[in-house]
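Engineer: fold the following.
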Amino acid sequence: MSDKLIPQRVYIKYSVDFKEVPDRVSIMLNELSNNLTSLSGYFQAAALDAPTKPAIVMNNLAEYNSLVQKILIRIGDTHEILANYMEILQAAAKIDAEHRRQAQEQEQEGTLKVVKRVTTVVKGI
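Structural biologist: All right, here's what the predicted structure looks like:
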């Protein structure tokens, strides 16, 4: 089978409990931080080697570019997860606000009925 037929990326979709999303995102961000710290070290080493080992540095830069591309994909994945999480939170907040409004209306209607009953009873006295 030719490598050209094999896709570069495979997308895996899985679900986690909604409450776990912040912790999972935190883990992803920590991994990104570690990756970037490592990458920084690679570039510092390359800077030292560049004057005496340019061919090695050039080959390493191709590898570093691949790592940067993977990091960018991971940043995009993390952003998408957070965007979806925020959409769900906003939708839940709207639903909650609507339920509160309805409950308040029902409470006001109930209070109004009690006031009408008391007024009727007082008029009857």
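
Engineer: quick one, grab the pLDDT at the residue positioned nearest the centre of the chain.
Structural biologist: For the chain, the residue nearest the mean C-alpha position is residue 82 (1.4 Å; Cα atoms, centre = their mean). At residue 82, the predicted lDDT confidence score is 92.

Engineer: so which strand or helix has it?
Structural biologist: helix 54-124 (DSSP states H and E).

Engineer: again, but for residue 30
Structural biologist: helix 21-49.

Engineer: in that helix, what's buried?
Structural biologist: For helix 21-49, a neighbour-count test (16 or more other Cβ atoms under 10 Å) marks 21, 28, 35, 46 as buried. In this view, the C-beta of every residue, glycine as well, is placed from N, C-alpha and C.

Engineer: residue 47 versus the first one, what's the distance?
Structural biologist: When you say that, I think you mean residue 21. 39 Å (Cβ to Cβ, to the nearest Å).

Engineer: show me the shaky parts of this structure.
Structural biologist: Residues of the chain that meet the criterion pLDDT under 70 lie in 1-3, 110-125.

Engineer: count the neighbours of residue 95 for me.
Structural biologist: Residues lying near residue 95 (other Cβ atoms under 10 Å) number 10.

Engineer: then residue 60?
Structural biologist: Number of residues near residue 60 (other Cβ under 10 Å) recorded here: 17.

Engineer: residue 43 is in contact with that one, correct?
Structural biologist: No - Residue 60 lies out of contact with residue 43 (Cβ atoms under 8 Å); the separation is 9.2 Å.

Engineer: mind checking the SS state of residue 15?
Structural biologist: Three-state call for residue 15 (DSSP: H, G, I helix; E, B strand; the rest coil): coil.
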